[in-house]
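[1] Take this sequence and fold it.
(4 chains)
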Protein chains: 4
Amino acid sequence: MTKPFEQFVAETTGRNLTKAAYIAIATGVAMMVLLTVNPAYEAAHRWVDALLWACLAYFVFEWVVRLRHAFEAQRGWIYATSGRGLIDTAAAIAVPLAMILGVEPRTAWLLSIAWMLKVIPGIRGLRQLRRVLVVESGPLLSVLVIFLMVLFVASVAEHFLERDYQPAAFGSVPAALWWAVATLTTTGYGDVVPVTPLGRMVAAAVMICGLGVFGLWTGILATGFAAETRRDNFLRTWESVSKVPFFAALGPAAIADVTNMLRTIDLPTRTMIIRKGQTGDCMYFIASGEVEVDLPGKKVALGEGAFFGEMALLGSSLRSANITTTRVSRLLVLDLVDFRMLMARHPDLVETIDAEAQRRALENK
Amino acid sequence: MTKPFEQFVAETTGRNLTKAAYIAIATGVAMMVLLTVNPAYEAAHRWVDALLWACLAYFVFEWVVRLRHAFEAQRGWIYATSGRGLIDTAAAIAVPLAMILGVEPRTAWLLSIAWMLKVIPGIRGLRQLRRVLVVESGPLLSVLVIFLMVLFVASVAEHFLERDYQPAAFGSVPAALWWAVATLTTTGYGDVVPVTPLGRMVAAAVMICGLGVFGLWTGILATGFAAETRRDNFLRTWESVSKVPFFAALGPAAIADVTNMLRTIDLPTRTMIIRKGQTGDCMYFIASGEVEVDLPGKKVALGEGAFFGEMALLGSSLRSANITTTRVSRLLVLDLVDFRMLMARHPDLVETIDAEAQRRALENK
Amino acid sequence: MTKPFEQFVAETTGRNLTKAAYIAIATGVAMMVLLTVNPAYEAAHRWVDALLWACLAYFVFEWVVRLRHAFEAQRGWIYATSGRGLIDTAAAIAVPLAMILGVEPRTAWLLSIAWMLKVIPGIRGLRQLRRVLVVESGPLLSVLVIFLMVLFVASVAEHFLERDYQPAAFGSVPAALWWAVATLTTTGYGDVVPVTPLGRMVAAAVMICGLGVFGLWTGILATGFAAETRRDNFLRTWESVSKVPFFAALGPAAIADVTNMLRTIDLPTRTMIIRKGQTGDCMYFIASGEVEVDLPGKKVALGEGAFFGEMALLGSSLRSANITTTRVSRLLVLDLVDFRMLMARHPDLVETIDAEAQRRALENK
Amino acid sequence: MTKPFEQFVAETTGRNLTKAAYIAIATGVAMMVLLTVNPAYEAAHRWVDALLWACLAYFVFEWVVRLRHAFEAQRGWIYATSGRGLIDTAAAIAVPLAMILGVEPRTAWLLSIAWMLKVIPGIRGLRQLRRVLVVESGPLLSVLVIFLMVLFVASVAEHFLERDYQPAAFGSVPAALWWAVATLTTTGYGDVVPVTPLGRMVAAAVMICGLGVFGLWTGILATGFAAETRRDNFLRTWESVSKVPFFAALGPAAIADVTNMLRTIDLPTRTMIIRKGQTGDCMYFIASGEVEVDLPGKKVALGEGAFFGEMALLGSSLRSANITTTRVSRLLVLDLVDFRMLMARHPDLVETIDAEAQRRALENK
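    Model (predicted):
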């Protein structure tokens, strides 16, 4: 086995999708869409077909590589039954299976929409959304039950009130349900509309209930999300805080306190963090990576554990130099607000920052 | 009276709906829906009728059993006038009463939608929603009054502006109200639409007011919900905390503190709580029930008051064993975030956890 | 002047609307609505006309009484230029003025919608809503400007893209604005819909912006509302707390603390607060008024400053007696959650409650 | 160069738009709208054209002045590539360029919508909104990806289910996407509606997903906004607090505490802050500017650092004098709620206020 192939396998079986996979998904879905547009397909059906088959081949290959890798690591079944494994399987075999079962090819290719699901495990923040849904599942389910109950009661009522006037639209409860769901979600297609005075009163009540359900739904999600955001930030920041020597001297209580004040950001290489002359309202600690300070006449590199941007918090609010990352870096951001809180609660920390700032100011004079 | 019957009565008169009742509700409502679909009803009217009568019989029987039980316990009137009692009565007598009064049977059966209301008392979290509505009733009512005022003022304005152009749709204020409610809730059927420039300006204002009303509504509910969630969690967790010996030594201030950090979850028997090899970010205390730790070569049972999953918080973030409930269990979850808060505020607690973790690590070597 | 008339004047010039005024508003608006429904008006035009004139007479009379009263108290102009005074004036003279100016009577009566505005000053909680709008006016205005900008840009774009295909609907920017406002608010009448592919892409972007604007709007209002609710509760409760001798011994810091935990409720006379046998999760302090405890064999009255319902928080969670108000009362509610917080922070208070509870338990044995 | 011209340049190159610019924007956009309305344009095309050219001339002139100013200050390229510079450029050259390229004039003028973008940098609170979008970009992007995924999956499903029944509306995936976006945003035009039972079930699921997406969106924005509002208020108030000598004696911890309690408001000259006889629930500190107290018989001026309105918090809740600004002023507002918190935490501050209040009361007797 050659080196590049090994690397390819390593990337393919890693946690994140490879760039090639993203390209294949985008191309494949675009081609699938084109396939359904008759003029476009007739004009370029060779290209469309070729690209679709190429994408399919890629996903089948990826699936085989991952499956083999998983079985070699003796966790084949774990992978195969995990959400990710099931999506990979669907992406690889749905279209061929449909074709083998005799489905017309242009219809079978529609199943390639399953390729799109492959991005799901890569969405950062989805874990957060899922936790909110789990933690708030009780109230969310209650709202859903209320939603369904209003839906059914309204459908039966409108069926009773409107069936003689609009037999096609309200002649049966399932038909009335179509109206009810479009109304309760405030979508309001308007293809079916009650015409009797009483029917309209019921409809008005359903619309207002729609607002209420919506409000509850949003309220619950907002509540859950606020808690989850705080929690997620703490978890992400905690790891980094302990790596900054500056905070290492603090006791656990103070670290928990400081962690709540910091925000973690990840930056790619060669990103300008601070632009000279801009107004600054935060300072930065380097959790990992390296930055370069562009002082007049010289360039200073700051590494892991160092901090910068503190002068904007200690008097002069204008940034005095450009600062750029030279590697992929993780920074901890301390806002002006929280700097002042910190100043109040941990005066010794601020003294250290102050001393360093004065040293730098002298040096750069 | 036989044993099974006694048990049936006990279950029927208990707080929660029996499984049979849920089945009867689902079947009954489904049959009622089918009844209104002409082709389906014609094809299977015997089955539909039979099932509907069976469900009705079940609900009448349930009602009689509950009523008798309540009167025997000398709280017949309390039950009969409670929300639950009234729903039971409606579910039992609405359909027969309508038939006796000469309503056409297929119409009378529509009243069986009342059966659906029987699930209301069983919705967990509804109590929470109701409390939010009660506590926030002041602002919610204000929004409702504003909503109604905008509705009426807009209707009168559109009636004045559009009546000459669209006499059918805006010829009277009630007709204009129909337009107004569909617009203010942003449903927008589109069956009635103003055509004059001034009429459209009023309509645009109504739509924007709709967004505003909606935003206020949601904002109020979100606020109320946040407070209620915190409160509900405290109440549910407090009971359990006091049952865990581990926390018993704490003073009331510390217990209130700890209670705010914990989350209660109820798990059925044979549920896997922790899967070996997964990343862990919380530990568990057993408030009631029992779990089984699946260590290599042996199985260890942990009972009420024990804790587990602490290793993921003390260094290694990967779970080292499968853990499954062996009984219906109530667990208290302590998240990594809160564990660190706890570490800061109550170092002695963490020392206990640490000592136990080391003991276990040694034992399992 | 007779006694009843004096009382009538006192009530009319008071802060709240009299019952008569509410009846007049409801009747007047209902009659105005009926007036626009041709069949109804033709059938009962005498009644409708008579009632409308009667309501108008009432409002004119009320206006004169209030005006005279205000001028007697030398604050005639303050009243006349206040929001309330302007609404009263409009309600009294809008309809007659229109008639004098030659407007057709059935049209002139439409102005009686101004009567509805008289309820505005009486809406409790409107002050709270207004404060939120004032405090958050900055961000809300920003969102409004963004809303308007999207509206105009989208209208110009659609006018450019669609004018050749739909000259009636998109032939001018004002016409396109009508489409844009219905789309951006997600109302979506559907009377005007873009048909070109590019036009539809712009429309899709507008709809998604609509969701975003809506989300920002709601987020801002929710934030403002949370702060305002906390503030309003504090203000209302603070007054009452200082009247309860039980809390009088506390220092200002503790009172501020306790105030945040309590909730004020106002109850009319003869309202049952606690029902025997129910589960209790709060206790009550009487800020003003009186309640009656219905113990077996005797009735005990509790007056201002007393507390009750504490047993449910101290062990037994079932209420042991019915308790009813005998006067209009203001109570302070202390939830179980907050009781436990209080227990932790002010143990002496809880000891007092405990002692009293034991004394009562002994007495009632 | 004359004085007025220098002043004009200074204003034009300042941070905020001049009044003339606002007038030009409003006039220009209004004329552009009129241009598209055939009857209006035919009646007054000379005026419309003249005003449009005048506005264009103004914006070109403004652009040249700013550009020259920027190049003189050696930051020409910084300005030209900044958001503001790009908008200025677009506003100045878009219309002429289109005309030069041979676009029909009435179409070319549509590009003057770019003038409207000039207000963007002036929107106070936009910075706040942008920060929320940046900080919450992770979860917002996740929701967007979910939104797109539901959109595509629903389109493909409906294309498959409905293409035989409605070839025009669902014959291709792009056509179905139009339906999907109108449904998922709950806009619901109703121009395209599924007709098959299965198609309607998918549509119902899409509508409910729409509510969910919307709720998540709002929840995330609400959460971000709450944090940002708190932060923004702290930043704005901190500057002012340090200028009030009254707070100068406090240590940094106490200042951070007090800053969270105060709210900054900016008032133009001759604004009445307090009206005699109204109920007061806050007191004011003057951060900059001057106010005039209208006492019986004399007028007292209060300058920077003074406070007023404290009597309403110390017993009598009615304001005892009119107080008006005599200059543009920045005030710090302390609400009754927070005054009491302050009272509890910093009793010495309150004693100072109390002493001053008594001195004033004596003086004004």
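[2] Could you list the low-pLDDT ranges of the stretch 101-250 of chain A?
    A:124-125 (pLDDT under 70).
[3] Spatially nearest residue to A:G212 (excluding sequence neighbours)?
    In this structure, A:G212 finds its nearest non-sequential neighbour in B:W217, 7.3 Å apart by Cβ to Cβ, 6 or more residues apart in numbering or on different chains. Yep, even glycine has a C-beta here, placed from its N, CA and C like the rest.
[4] A:G190 against D:G188, yeah?
    Yes: counting by Cβ atoms under 8 Å, A:G190 does reach D:G188; the two are 7.4 Å apart.
[5] Identify the contacts common to those two.
    Taking Cβ atoms under 8 Å, 6 or more residues apart in numbering or on different chains as the criterion, A:G190 and D:G188 both touch B:188, C:190.
[6] Next up, the contacts around A:E356.
    Contacts of A:E356 (Cβ under 8 Å, 6+ apart): A:307, A:310.
[7] tell me which element A:T89 is part of?
    According to DSSP states H and E, A:T89 maps onto helix A:83-100.
[8] show me where the stretch 151-300 of chain A has strands.
    With DSSP state E, counting those that start in this stretch as the definition, the stretch 151-300 of chain A shows strands at residue ranges A:262-267, A:272-274, A:282-288, A:291-295, A:298-302.
[9] what's in contact with the helix holding A:T89?
    With Cβ under 8 Å, 6+ apart, helix A:83-100 has contacts from A:56, A:59-60, A:62-64, A:66-67, A:70, A:79-80, A:105, A:107-109, A:111-112, A:114-115, A:117-118, A:120-121.
[10] Pull out the buried members of those.
    Burial by neighbour count, judged by 16 or more other Cβ atoms under 10 Å in any protein chain shown, picks out A:56, A:59-60, A:62-63, A:66-67, A:70, A:79-80, A:108-109, A:111-112, A:114-115, A:117-118, A:121 from the contacts of helix A:83-100.
[11] Between A:G190 and D:G188, point out the one with more neighbours.
    For the pair A:G190 and D:G188, the greater number of neighbours falls to D:G188 (33 against 25), based on other Cβ atoms under 10 Å in any protein chain shown.
[12] give me the low-pLDDT residue ranges for the stretch 251-365 of chain A?
    Ranges of the stretch 251-365 of chain A meeting pLDDT under 70: A:252, A:315-317, A:364-365.
[13] Quick check: the residue of it nearest chain B.
    Proximity of the stretch 251-365 of chain A to chain B (Cβ to the nearest Cβ) peaks at A:A253, 3.5 Å away.
[14] tell me the contacts of the residue lying closest to that residue once chain neighbours are set aside?
    Once flanking residues are discounted, A:A253 sits nearest to B:A344: 3.5 Å by Cβ to Cβ, 6+ apart. With contact set as Cβ under 8 Å, 6+ apart, B:A344 has these partners: A:251-257.
[15] can you check A:H346 too?
    With the criterion set at Cβ under 8 Å, 6+ apart, A:H346 makes contact with A:250, A:254, A:257-258.
[16] Any idea how many residues pack against A:G305?
    Residues near A:G305, counting by other Cβ under 10 Å: 15.
[17] One more: A:Q128?
    Per other Cβ under 10 Å, the neighbour tally for A:Q128 reads 20.
[18] Likewise for A:I23?
    Other residues close to A:I23 by other Cβ under 10 Å number 12.
[19] what does the stretch 201-350 of chain A have sitting close to chain D?
    Within reach of chain D by Cβ under 8 Å from any Cβ of the partner chain, the stretch 201-350 of chain A has these residues: A:213-214, A:217-218, A:220-226, A:229, A:263, A:281, A:335-337, A:340-341, A:343-345, A:347.
[20] Give me the buried subset of these.
    For these, buried by 16+ other Cβ under 10 Å: A:213-214, A:217-218, A:220-226, A:229, A:263, A:335-337, A:340-341, A:343-345.
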